[in-house]
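A.B. asks: What follows is a predicted protein model with its sequence.
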Amino acid sequence: MILGMSLSTFTTLHVVLSQIGIATGVACLLALLNSRVPTGLTATFLLTTVATSVTGFFFPNLKVGPAVIFGVVSLVVLTPVLLALYRYHLAGPWRWIYIAGAAFALYLNSVVGVVQSFQKLGFLKPLSPTQSEPPFLAAQGAVLVIIVGLAVLALQRFRPAAL
């Protein structure tokens, strides 16, 4: 039992939080291209992304490895992102700190999503059993190119109104 839930239920909660974080993160990154920060969507992205990282530490037999490192890095990156948005209202350098940090947190969550997809989804697992085959590398590369590309465009285009 983890936080009063079976391991299966807790895992489902963790995965759902992650998926919501990825979907809302992409939507928020796209909104930045039009100089918009959708309040509810952004709060959902940040909350679910933080929750994904935090819940990851509750799994049993957790060892210091990629999952723990990604969780720690994500929380460290999200700290200035939250400050940039909610304390400094994206003024001055906080604009690019917010964009770069939010995009990086989205990237970390997405990388884990790709890894988990290739490990758990029956139709993907045979394409990359060791996660070093071209389909896996192509998926990870696509995630990187898309998120970096959107972040660069957002850095160029996003000019926030007073928050």
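C.D. replies: Cool, the structure landed. Computed from a predicted model, the values in this text were never measured in an experiment. Residues are numbered from 1 along each chain as shown.
A.B. asks: CA only for contacts and neighbour counts going forward, please
C.D. replies: Fine.
A.B. asks: can you pull out the helices in the chain?
C.D. replies: 7-32, 39-56, 66-82, 94-120, 134-157 (DSSP state H).
A.B. asks: I'd like those as CSV, with mean pLDDT, mean neighbour count and distance to Pro126 appended.
C.D. replies: Formatted as CSV, these follow (pLDDT from 0 to 100; neighbours: other CA atoms under 10 Å; distance: least, CA to CA, whole Å):
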stretch, mean pLDDT, mean neighbour count, distance to Pro126
helix 7-32, 96, 19, 22
helix 39-56, 97, 19, 26
helix 66-82, 95, 17, 22
helix 94-120, 95, 20, 8
helix 134-157, 96, 16, 10
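A.B. asks: So for the chain, the centremost residue is which one?
C.D. replies: Residue closest to the mean C-alpha point of the chain, counted by CA atoms, centre = their mean, is Leu106 at 2.8 Å.
A.B. asks: Could you check how far the nearest residue to Ala102 once chain neighbours are set aside is from Ala142?
C.D. replies: Among residues not flanking Ala102 along the chain, Val81 sits closest, at 6.3 Å (CA to CA, 6 or more residues apart in numbering). Applying CA to CA, to the nearest Å, the value for Val81 to Ala142 is 24 Å.
A.B. asks: can you tell me which residues contact the residue nearest to the centre of the chain?
C.D. replies: 21-22, 25-26, 49, 147 (CA atoms under 8 Å, 6 or more residues apart in numbering).
A.B. asks: closest one to Leu127 among the helices of the chain?
C.D. replies: helix 134-157 (6.4 Å; CA to CA).
A.B. asks: any idea of the angle the closest one forms with helix 94-120?
C.D. replies: Here helix 134-157 points in a direction 170 degrees away from that of helix 94-120 (axes from the mean of the first three to the mean of the last three CA atoms, to 10 degrees).
A.B. asks: about what we covered before: let me have the helices of the chain in JSON lines, extended by distance to Met1.
C.D. replies: Below are those laid out as JSON lines (distance: least, CA to CA, whole Å):
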{"stretch": "helix 7-32", "distance to Met1": "6"}
{"stretch": "helix 39-56", "distance to Met1": "13"}
{"stretch": "helix 66-82", "distance to Met1": "20"}
{"stretch": "helix 94-120", "distance to Met1": "22"}
{"stretch": "helix 134-157", "distance to Met1": "33"}
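A.B. asks: Quick one, which of those gets closest to Tyr88.
C.D. replies: When the helices of the chain are ranked by proximity to Tyr88 (CA to CA), helix 94-120 comes first, at 6.8 Å.
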